[in-house]
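*Asks:* Model the structure of this input:
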Amino acid sequence: MSVLERLAATVAARRGADPETSWTARLLAEGPAKAAEKFGEEAVEAIVAAATGDRAALTAEAADVLFHLVVMLEARGVALVDVLAELERREGISGIAEKAARGG
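*Replies:* The predicted structure is shown next:
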């Protein structure tokens, strides 16, 4: 099991936890829109770190992005394993060809 899969399992387990004692439970209790908002905030912070060339900040912010992505997926009932399966399906396919196949 990868660290992302362990993270997804932990996030799922926190769904029923006390929002007063668990940040993850609080995000999930506030609903998918809040989870998406927090994901967006973290993505912007990662973009800023990348643009300024701060490797340490980018590393930390990228971890935050991944965490909040997993929370957002859980909030919407999308399994990480399904996202990973989609990545595997796309593996070895040219990005241009893959986008064309989607009609984009």
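
*Asks:* would you list every one of the helices in the chain?
*Replies:* Using DSSP state H, the helices found in the chain span residues 3-14, 23-29, 32-52, 55-75, 80-90, 95-101.

*Asks:* From the chain's centroid, how far away is the last one?
*Replies:* In other words, helix 95-101. Distance of helix 95-101 from the chain centroid (Cα atoms, centre = their mean, to the nearest Å) equals 23 Å.

*Asks:* residues making contact with it?
*Replies:* Arg90, Ile93 (Cβ atoms under 8 Å, 6 or more residues apart in numbering). No exception for glycine: its C-beta is placed from N, CA and C like everyone else's.

*Asks:* likewise stretch 66-77?
*Replies:* With Cβ under 8 Å, 6+ apart, stretch 66-77 has contacts from 4, 7-8, 11-12, 15, 24, 27-28, 31-32, 35-36, 38-39, 42, 79-80, 83.

*Asks:* Got a ChimeraX select line for the buried ones in those residues?
*Replies:* Here is the ChimeraX selection string for the buried members of those, based on 16 or more other Cβ atoms under 10 Å:
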select :4,7,8,11,12,24,27,28,32,35,36,38,39,42,80
